[in-house]
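Undergrad: fold the following, please.
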Amino acid sequence: MAKKVIGNLKLRIPAGRATAGPPVGSTLGQWGLNMMDFINPFNDATKDLMGKDVIVHMQVFEDRTFAWKSLGQPVDDMIREKAGIKKGSGKPNSEKVGKLTSAQVQEIAEAKMEQLNAIDINGAIKTVAGSARSMGVEIVE
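TA: Numbering: from 1, shown residues only. Take a look at the predicted model:
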């Protein structure tokens, strides 16, 4: 029989730098979970992405155990990194802050294909391009 899930958590944590302090400690503490059972495996699994944020989905079970899955770097961070910008535009329709090539958009889409709500690579490319446009980043050929 499967364990009963009592909580689903989504965390954005710096890769390889999870500590018992916020945001990890405060979030896991309120569910009564042992922080070190998450922190050490997470830091080991994400040390190759050091310096980047990582999205983590966690399921908390009734017996105070948990399962977690790292989804890697968020799409918006990848777009900012490829475009060489610090942040998106406050007025994306009128103020453009950067440019991405179609090849860069495809590269991001291929890396995030598993997490995107897309049937094929073309749908994933459109999703990433839409995210870029909403940040004020132009897509050029």
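Undergrad: right, and the helix or strand after the longest helix anywhere in the chain?
TA: Identified as the longest helix of the chain according to DSSP state H is helix 121-134. Downstream of helix 121-134, the next assigned helix or strand under DSSP states H and E is strand 137-140.
Undergrad: show me what that next one is packed against.
TA: Packing partners of strand 137-140 (3 or more CB pairs under 8 Å, 6 or more residues apart in numbering; DSSP states H and E): strand 98-101, helix 102-111, helix 121-134. Using the backbone N, CA and C atoms, a C-beta is placed for each residue, glycine as well.
Undergrad: and the closest residue to G32 other than its chain neighbours, how far from G7?
TA: Among residues not flanking G32 along the chain, R64 sits closest, at 5.3 Å (CB to CB, 6 or more residues apart in numbering). Separation of R64 from G7 (CB to CB, to the nearest Å): 11 Å.
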